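Asks: just coords:
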Ligand SMILES: O=C(O)C(=O)C[C@]1(C(=O)O)C=C[C@@H](O)C=C1
């Protein structure tokens, strides 16, 4: 692990995130998928349809060994059984054991459904609830993997500057730790790049015309996901939450 390789990982995750948002934006909001509790098949469930879908999907993916990788953290760990259908994998364990479980999945969950989804999907209900929540799951997993990868970034930063980090961790000086782990130039580059990716990946491809600026109706560009929304997602949630994960990880790095 080096700062370059962890940044390469984050850069590649941007593609996954932007594509997953484009897929979710294909469907309208479909509010009944999020009603709590869900009523269907004559039953009153203890959660929304979206949550039930995620729980069941995670259980299946756990059996296939998905969470044997430290890069993947389930949203409902208590429901994930260690029993596996897959052969044992040999994932390398690069994280410091006491800090490895750090994650902000609860916050990602809340922000995704209450703040992001309304920016992403148009109002409406076309009834395609299963496809819709399947695309929510892909978004949630991509965001979770990216944000909780802050653990790896923090590990690299800690090992690269042990003396300074150790002092600040011992003093529990959160403000100074936050300052030390922050690179504003890097954050700016990330935000501008994801916005650009949204314009490149989200434009309509046609055989005639250059297609450089999305579908031009009356000269106004339109994209499958608003590039400004992707910028905002990173600016307000993805980067701040990644930094929160980095800080939480560092605070446990000497335990
Ligand atoms: O690349 C880094 O150094 C990171 O810590 C990651 C990240 C990000 O979330 O993209 C977070 C904090 C830094 O200020 C810059 C970028």
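Replies: Received, thanks. What you see is a predicted model, and the numbers here were worked out from it, not measured in a lab.

Asks: Every contact and neighbour count from this point should use C-alpha atoms.
Replies: Fine.

Asks: How about the secondary structure of residue 95?
Replies: Using DSSP: H, G, I helix; E, B strand; the rest coil, the structure places residue 95 in coil.

Asks: My read is that it contacts residue 156, right?
Replies: No: look at residue 95 against residue 156 with Cα atoms under 8 Å: they stay out of range, at 9.5 Å.

Asks: which SSE is the closest residue to the ligand within the stretch 1-150 of the chain in?
Replies: The ligand sits closest to residue 7 of the stretch 1-150 of the chain, with a gap of 5.5 Å, by Cα to the nearest ligand atom. Here residue 7, judged by DSSP states H and E, is contained in helix 3-25.

Asks: neighbouring contacts of that helix?
Replies: Around helix 3-25, the neighbours that count as contacts under Cα atoms under 8 Å, 6 or more residues apart in numbering are 120-122, 132, 135-136, 138-139, 142-143, 146, 149, 152-153, 156-157, 190, 194, 197-198, 201-202, 224-225, 230.

Asks: The residue of the chain most remote from its centre is in what secondary structure piece?
Replies: Farthest-out residue of the chain from its mean C-alpha position, per Cα atoms, centre = their mean: residue 208, at 35.4 Å. Using DSSP H and E, residue 208 is not contained in any helix or strand.

Asks: how close does it get to residue 197?
Replies: Applying Cα to Cα, to the nearest Å, the value for residue 208 to residue 197 is 22 Å.

Asks: do the same with residue 206
Replies: Counting by Cα to Cα, the gap from residue 206 to residue 197 is 18 Å.

Asks: Those two: which is more packed in?
Replies: residue 197 (18 against 10; other Cα atoms under 10 Å).

Asks: give the contact list for that one.
Replies: Residue 197 makes contact with 15, 18, 227 under the criterion Cα under 8 Å, 6+ apart.

Asks: Neighbours of the second one, how many?
Replies: A count of neighbours around residue 18, defined by other Cα under 10 Å, yields 22.

Asks: same deal with the first one?
Replies: Residue 15 is surrounded by 16 other residues when neighbours are defined as other Cα under 10 Å.

Asks: Model confidence for it, exactly?
Replies: Residue 15 is assigned 98 on the pLDDT scale.

Asks: Could you do the second one as well?
Replies: pLDDT for residue 18: 98.

Asks: Flag the shaky bits of the stretch 151-255 of the chain, pLDDT-wise.
Replies: The stretch 151-255 of the chain contains residues with pLDDT under 70 at 209-221.

Asks: cutoff 90 now
Replies: 204-206, 208-222 (pLDDT under 90).

Asks: all helices for it, in order.
Replies: Ranges of helices in the stretch 151-255 of the chain, per DSSP state H, counting those that start in this stretch, are 162-170, 174-181, 184-201, 227-232, 239-251.
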